[in-house]
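Enquirer: I'll drop the sequence and a predicted model, then ask my questions.
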Amino acid sequence: MIINTKIKLDDEKLINSVIKALEPDNIDFPENIFMSISHEKNMIIIKIECSYEKILSCRSTLDEVLMIIQSILKTFKNIR
């Protein structure tokens, strides 16, 4: 199973900050779960791959990534 998530942001600096913040979380996944993060233009693209047996772990991984992104966005909003 593959989950593709795209997040549109208008600020290139913010996009780079989000990607850098997620890099440490992009290691040491449970067995049979893989994640990649990239960007195109003003979109962050998160791809999570897992087996159907790991669907709940896959969902938890996506939830965690989205919470991290939300925290980063709130921080940027507060310092601007």
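Expert: Yep, it's here.
Enquirer: neighbours around residue 64, how many?
Expert: Neighbour count of residue 64, defined by other CB atoms under 10 Å: 12. Every C-beta, even on glycine, is put in place using the N, C-alpha and C of the backbone.
Enquirer: same thing with residue 61?
Expert: Residues within reach of residue 61, counting by other CB under 10 Å, total 21.
Enquirer: hey, what's the residue lying closest to it once chain neighbours are set aside bridged with?
Expert: Computed as CB to CB, 6 or more residues apart in numbering, the closest residue to residue 61 that is not its neighbour in sequence is residue 48, at 5.8 Å. Assessed by DSSP bridges, residue 48 has beta-bridge partners residue 3, residue 35.
Enquirer: which residues sit against the lengthiest helix in the chain?
Expert: Selection of the longest helix in the chain by residue count, based on DSSP state H, yields helix 55-79. Under the contact criterion CB atoms under 8 Å, 6 or more residues apart in numbering, helix 55-79 has outside partners 1, 3, 5, 7, 11, 14, 17-18, 21-22, 25, 29-30, 33, 35, 44, 46, 48, 50.
Enquirer: mind checking which of those are in helices?
Expert: Going by DSSP H, the helices hold 14, 17-18, 21-22 from these.
Enquirer: spatially central, which residue of the chain would that be?
Expert: Residue closest to the average C-alpha location in the chain (CA atoms, centre = their mean): residue 65, at 4.5 Å.
Enquirer: give the contact list for residue 53.
Expert: Each residue near residue 53 by CB under 8 Å, 6+ apart is listed here: residue 32.
Enquirer: quick one, phi psi at it?
Expert: phi -70, psi -20 (degrees, to the nearest 10).
Enquirer: could you check how far it is from residue 33?
Expert: Going from residue 53 to residue 33 by CB to CB, to the nearest Å gives 11 Å.
Enquirer: residue 9 now?
Expert: Residue 9 is 25 Å from residue 33, by CB to CB.
Enquirer: likewise for residue 63?
Expert: 13 Å.
Enquirer: neighbour-wise, which of those two wins?
Expert: Set residue 63 next to residue 33 and count neighbours by other CB under 10 Å: residue 33 wins out with 15 against 10.
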